[in-house]
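Enquirer: Sequence plus predicted model, see below.
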Amino acid sequence: MKLNKLFGMFLSVLIAAGILGLGDYKPANAQSGRIDLQIVKAGFIVGLSGGRGTLYYDGLAYPLRVGGLSLGPSFSISSVDITGEVYNLNRVEDLYGNYTAGSAGAAIVGGGGVATLTNARGVRLEVRGRTIGVDFSLNLSGVSIQPR
């Protein structure tokens, strides 16, 4: 008899937690939002890039500023439109910071590519983009994303 009463209380707590939203959680690698970036690149050996973008998270749009530096054999004069998914974002502030990705690629007038970028807080960007211009590179790139 006591076991039935204990089970009933346990079930009541679970139902209450679900009603209050306490049972709502995000899996570790759940998609958190979406990101759109527009970046202009120029460089020979050392490349510089800059641009702007928007994070779409929790029904709101957050304007972003993007900067970057690449070192290694490269020649580029290009504009890149990037879109992708954001993973492991628990709050907007976690998006800001430096991202790294190893890359190897070549694009001439209208090429495309895919990359995965990660920051120190574990936020992962899975992005794809379209390059307009000339971009030959074999380099390690760093990208900084900050609020605008």
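Expert: Okay, I see it.

Enquirer: next helix or strand past the helix or strand of the chain with the lowest mean pLDDT?
Expert: Every helix and strand in the chain was compared by mean pLDDT, DSSP states H and E; the lowest is helix 2-20, with a mean of 51. As assigned by DSSP states H and E, the chain's next helix or strand after helix 2-20 is strand 31-57.

Enquirer: For that following strand, buried residues please.
Expert: Of all the residues in strand 31-57, those buried under the rule 16 or more other C-beta atoms under 10 Å are 32-33, 35-37, 39, 41, 43, 47, 49, 51, 53, 55, 57. C-beta coordinates here come from the backbone N, C-alpha and C atoms, glycine included.

Enquirer: for stretch 79-93, same thing?
Expert: Quick answer for stretch 79-93 (16+ other C-beta under 10 Å): 79-82, 84, 86-89.

Enquirer: Could you find the lowest-pLDDT member of those?
Expert: Here the lowest pLDDT out of the buried residues of stretch 79-93 sits on Val80, with 80.

Enquirer: Quick check: beta-bridge partners of it?
Expert: Taking DSSP bridges as the rule, Val80 bridges to Ile39, Thr131.

Enquirer: how much space is there between it and Gly43?
Expert: Counting by C-beta to C-beta, to the nearest Å, the gap from Val80 to Gly43 is 13 Å.

Enquirer: where in the chain is pLDDT low?
Expert: Flagging of the chain using pLDDT under 70 yields the residue ranges 1-29, 45, 69, 71-74, 102-112, 135-141.

Enquirer: how long is stretch 86-98 end to end?
Expert: Stretch 86-98 has an end-to-end distance of 15 Å (criterion: C-alpha to C-alpha, to the nearest Å).

Enquirer: how about Asp81, what does it touch?
Expert: 36-38, 129-130, 132 (C-beta atoms under 8 Å, 6 or more residues apart in numbering).

Enquirer: Was I right to think Ser144 contacts Asn98?
Expert: Yes - counting by C-beta atoms under 8 Å, Ser144 touches Asn98, with 5.2 Å between them.

Enquirer: does Asp94 sit in a helix, a strand or a coil?
Expert: The three-state label given to Asp94 by DSSP: H, G, I helix; E, B strand; the rest coil is helix.
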